[in-house]
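Novice: give me coordinates for this.
(2 chains)
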Amino acid sequence: MDDHAVLLEGVTRTYGRGATEVAALRQVSVGFRRGSFTAVMGPSGSGKSTLLQCASGLDRPDAGAVRVAGRDITRFGEKELATLRRDQVGVIFQAFNLVPSLTAWQNVILPSRLAGRRPDPSRVRELLRRVGLAGREGHRPAQLSGGQQQRVAIARALFGRPEVLFADEPTGALDRGTGHEVLALLREAVDAFGQTVVMVTHDPEAATRADRVLFLTDGRIVDVLERPSAEQIGMRLGGRR
Amino acid sequence: MTLVLAWSNVRANRTSLAATFVAVLLAVTLVGGSGLVVAGAGTRDELNGVMGLLVLSAVVSGFVSVFVVAGMLSLHVLRQRRTWALLRSVGMTPRQVRRLITAEALVVGVLASAAGCALAVPYAALMSALMRMTGLAPGGIPVGITAVPFVLASVVGVAVTLPAARVAARKAVRVGPLEVLRESAAQRRLLPWPRAVIGVVALAGGGVLLWLIPGLQPKNAAPTALGATMALCVGASALGPVALRMLGLLLGAVAARLDPGAGMLAGSSVVTQPRRAMSAASPVMLTVALACTFLFAVATSDAAAGVTRTGEAAWAAPVLVGSAVVYTVISVLNATAMTMDERADEIRLLRTVGIGPSQLVRMVCWETLIVTTAGTLLGTGIAAASLTALGTALTGEPWFAYSLPQYAGLVAVCAVSGLAGGLVSTRGARRGALLAGSPG
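Specialist: As a prediction, this is how the structure comes out:
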């Protein structure tokens, strides 16, 4: 087997029908290697979020295959998708990532609880300490700042040691300083645990944290840069930013 | 402009508004119909004997109508706080928000009252037929069209809806625009002081009535027991969130033990949002408390007087209280649907972290069962207190007659309609597309 955590093969996704039809992804083929950190960039409407949603099993492509750890998830039923989400794929959104009625601790262990496992308390404590939330285990989302909530979400995604972690604009709702901390955590997950991370962002500075940056336009990957500088990314994006 | 906004608001909150509309419509039907029956019975001398029972059941209908409509509106308002905060944040003045809310309530109140008045006539005819069948009024009750019942019913429809909306509007205006982002802030204060005062006063009033009942004439004891139940219901409903948080902790722990994932989610949701949970538990409490008090008060009076009713006559009391029960059961369904419907985002979030379809169904069921059980416990306690006082007045001993099958049936119907409301309203979120579907 190859060492791709996730592999997209000719993925096409179209919204709407007839005259209002919009092709969000056109025949996209791309692989994400284990232990790599990839940023996905592009103007709004370029299909970058759709790419992430199809790759993570949140959305179903109209054509093509998405392989997570070698298995084509586009053929999965609701039940198999649920198992995939709790064990193999972690997702972080821009906001509203946590269940409001659960504490930070309960949010982190939720997927393993749903899987019927008894999580090791010392691991939960250690992970929450690592993301800088020691002493806040019993706080509910409303009692935490945006940055703290995002760190709980990262802890939850990492706790199950997923095959891949997807992040859709994870710093979009945060101020600069807090955003940097969240990005540092994602980077650390890649370097320290060999976690695979795929992040959608429109912030060139956030993208410099990645090993590789994909550029999407009109549903196609139009460019790939390896370990680019902020200047290179800015140039690639052209006058738009 | 306000009207356009009100209309789009109506469209955006269809479930919540439909529930409120149905509540007002049925309340007006119930009150108008009962009024017509009482007015009709008043024209016949031979019906003097059952007049007391008829009036009592009409009072019960009126009480549940006001109670349920007010509860439904406050739930509707609670749900819309975010919309209003959003409108404030885009520059709507408090005055405009108040007008918007009043306009919406006026539309719902007037339309639902008109429809309810029209339905009141066939409803009264049905009740009259049922009373002839059970032998309560062998000659039947002539149902004529008189103005007073309609006026009364419309008063319930419009005059309860409007002031409730005004109060809600005042509260809504006080909500800062930033509250959009901090949803839980709205619920941080478990018991605002006006609510606490109402609760304590109503409970105290109910307590005084309970204390008075044993010393009353048998003829007056039954209506007073019903009054005590109503007062206690108001008190328990106002102070309910506190009780529900405790019951939620207890029952939630049981659910989490039986079903670690889904049970934990259900329990913690009740504990962190006890006011929302109380809105759904309230109608259950009301159904159990009022129906048990009415049914078993009649049974206790009969037993004390040595009367045994058989055949169709045994159905007289259930028929009289039946429509009020049907109404509260519908409002159980309504309230559960509303409280669950607002959880669509949360359900989608749970799906993204890997909750399975069957676990999601179990979570909804657990939460509904916790809420229904809490309501049943409160209602049973209230009914038992009133009935014990009544039994003491009639027989000198703290005793009352009851029917286990009727009680079990009542509780089962509440639980089933709660489950139906919860499962139907979450269907879209449980099964539909995971994402809102915006390309980007």
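Novice: give the buried residues for the strand or helix carrying residue A:188.
Specialist: In the assignment (DSSP states H and E), residue A:188 maps to helix A:176-193. Under the neighbour-count criterion of 16 or more other C-beta atoms under 10 Å in any protein chain shown, helix A:176-193 has A:178-183, A:185-187, A:189-190 buried. Using the backbone N, CA and C atoms, a C-beta is placed for each residue, glycine as well.
Novice: partner strands of the helix or strand following that helix, with direction?
Specialist: Under the assignment DSSP H and E, the closest C-terminal helix or strand after helix A:176-193 is strand A:197-200. Applying DSSP bridges, strand A:197-200 is found paired with strand A:37-41 (parallel), strand A:164-168 (parallel).
Novice: and the strands in chain A?
Specialist: Using DSSP state E, the strands of chain A run over A:4-15, A:22-33, A:37-41, A:63-68, A:71-72, A:89-92, A:164-168, A:197-200, A:212-217, A:220-226.
Novice: mind listing residues that contact stretch B:217-232?
Specialist: Stretch B:217-232 has contacts (C-beta atoms under 8 Å, 6 or more residues apart in numbering or on different chains) with B:52, B:56, B:59-60, B:63, B:202-203, B:205-206, B:209-210, B:212-213, B:216, B:289-290, B:293-294, B:297-298, B:301, B:304, B:382-383, B:385-387, B:389-390, B:393-394.
Novice: got a ChimeraX select line for the buried ones in those?
Specialist: To isolate the buried members of those in ChimeraX, using 16+ other C-beta under 10 Å:
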select /B:56,59,60,63,202,203,205,206,209,210,212,213,216,289,290,293,294,297,298,301,304,382,383,385,386,387,389,390,393,394
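Novice: show me the contacts of stretch B:217-232 that map onto helices.
Specialist: B:52, B:56, B:59-60, B:63, B:202-203, B:205-206, B:209-210, B:212, B:289-290, B:293-294, B:297-298, B:301, B:304, B:382-383, B:385-387, B:389-390, B:393-394 (DSSP state H).
Novice: so after the strand or helix carrying residue B:363, what's the next helix or strand?
Specialist: Per DSSP H and E, residue B:363 falls inside helix B:357-395. Using DSSP H and E, the helix or strand that directly follows helix B:357-395 along the chain is helix B:404-431.
Novice: how far off centre is that following helix?
Specialist: Relative to its chain's centre, helix B:404-431 lies at 14 Å (C-alpha atoms, centre = their mean, to the nearest Å).
Novice: returning to what we had before: turn the strands paired with strand A:197-200 into CSV, including mean neighbour count and mean pLDDT.
Specialist: Shown next, in CSV, are the strands paired with strand A:197-200 (neighbours: other C-beta atoms under 10 Å in any protein chain shown; pLDDT from 0 to 100):
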stretch, mean neighbour count, mean pLDDT
strand A:37-41, 25, 95
strand A:164-168, 25, 94
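Novice: tell me which of those strands sits nearest to residue B:331.
Specialist: Smallest distance to residue B:331 across the strands paired with strand A:197-200 (C-beta to C-beta): 40.3 Å, for strand A:164-168.
Novice: the closest one vs strand A:22-33, what angle?
Specialist: Strand A:164-168 runs at 140 degrees relative to strand A:22-33, counting by axes from the mean of the first three to the mean of the last three C-alpha atoms, to 10 degrees.
Novice: distance from strand A:164-168 to the middle of the chain?
Specialist: Taking C-alpha atoms, centre = their mean, one finds strand A:164-168 lying 1 Å from the centre of the chain it belongs to.
Novice: identify the residues contacting it?
Specialist: A:5-6, A:32, A:49, A:52-53, A:55-56, A:68, A:88-94, A:154, A:157-158, A:186, A:189, A:195-200.
Novice: which non-adjacent residue is nearest the residue in chain A positioned nearest to chain B?
Specialist: At 2.6 Å from chain B, residue A:86 is the closest residue in chain A, using C-beta to the nearest C-beta. Counting by C-beta to C-beta, 6 or more residues apart in numbering or on different chains, residue B:354 is the residue found nearest to residue A:86 once chain neighbours are left out, at 2.6 Å.
Novice: isn't there a strand covering the one you found?
Specialist: No: assigned with DSSP: H, G, I helix; E, B strand; the rest coil, residue B:354 falls outside any strand and is coil.
Novice: list the contacts of it.
Specialist: Contacts for residue B:354 (C-beta under 8 Å, 6+ apart) come out as A:82-87, A:111, A:114-115.
Novice: ok so, going back, JSON lines for the strands paired with strand A:197-200, including distance to residue B:248?
Specialist: Conversion of these to JSON lines gives the following (distance: least, C-beta to C-beta, whole Å):
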{"stretch": "strand A:37-41", "distance to residue B:248": "43"}
{"stretch": "strand A:164-168", "distance to residue B:248": "34"}
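Novice: least confident secondary structure element in the chain?
Specialist: With no chain named, the answer covers chain A. helix A:230-237 (a mean of 85; mean pLDDT, DSSP states H and E).
Novice: now that one against strand A:220-226, angle please.
Specialist: Interaxial angle, helix A:230-237 versus strand A:220-226 (the same axes, to 10 degrees): 160 degrees.
Novice: give me the helices and strands touching helix A:230-237, please.
Specialist: helix A:204-207, strand A:212-217, strand A:220-226 (3 or more C-beta pairs under 8 Å, 6 or more residues apart in numbering or on different chains; DSSP states H and E).
Novice: quick one: secondary structure of the residue nearest to residue B:204 when sequence neighbours are not counted?
Specialist: Leaving aside its chain neighbours, residue B:204 sits nearest to residue B:235 (7.8 Å; criterion: C-beta to C-beta, 6+ apart). Secondary structure assignment for residue B:235 (three-state DSSP): helix.
Novice: distance of residue B:235 from chain A?
Specialist: 27 Å (C-beta to the nearest C-beta, to the nearest Å).
Novice: correct me, but that residue touches residue B:209?
Specialist: No: using C-beta atoms under 8 Å, residue B:235 makes no contact with residue B:209, being 11.4 Å away.
Novice: about what we covered before: give me the pLDDT for the residue nearest to residue A:86.
Specialist: Note for residue B:354: predicted pLDDT of 89.
Novice: any idea how far the residue in the stretch 251-400 of chain B that chain A sits nearest to lies from residue B:240?
Specialist: Using C-beta to the nearest C-beta, residue B:354 is the residue of the stretch 251-400 of chain B that sits closest to chain A, at 2.6 Å. Distance, residue B:354 to residue B:240, by C-beta to C-beta, to the nearest Å: 34 Å.
Novice: residue nearest the middle of chain A, spatially speaking?
Specialist: Taking C-alpha atoms, centre = their mean, the centroid of chain A lies closest to residue A:166, which sits 1.4 Å from it.
Novice: ok, now which ones touch residue A:187?
Specialist: By C-beta under 8 Å, 6+ apart, the contact set of residue A:187 is A:37, A:209.
Novice: again, 6 Å this time
Specialist: For residue A:187, the contacting residues are residue A:209, by C-beta atoms under 6 Å, 6 or more residues apart in numbering or on different chains.
Novice: hang on, the earlier thing: and the helix holding residue B:363, how far out from the chain middle?
Specialist: Chain-centre distance of helix B:357-395: 13 Å, with C-alpha atoms, centre = their mean.
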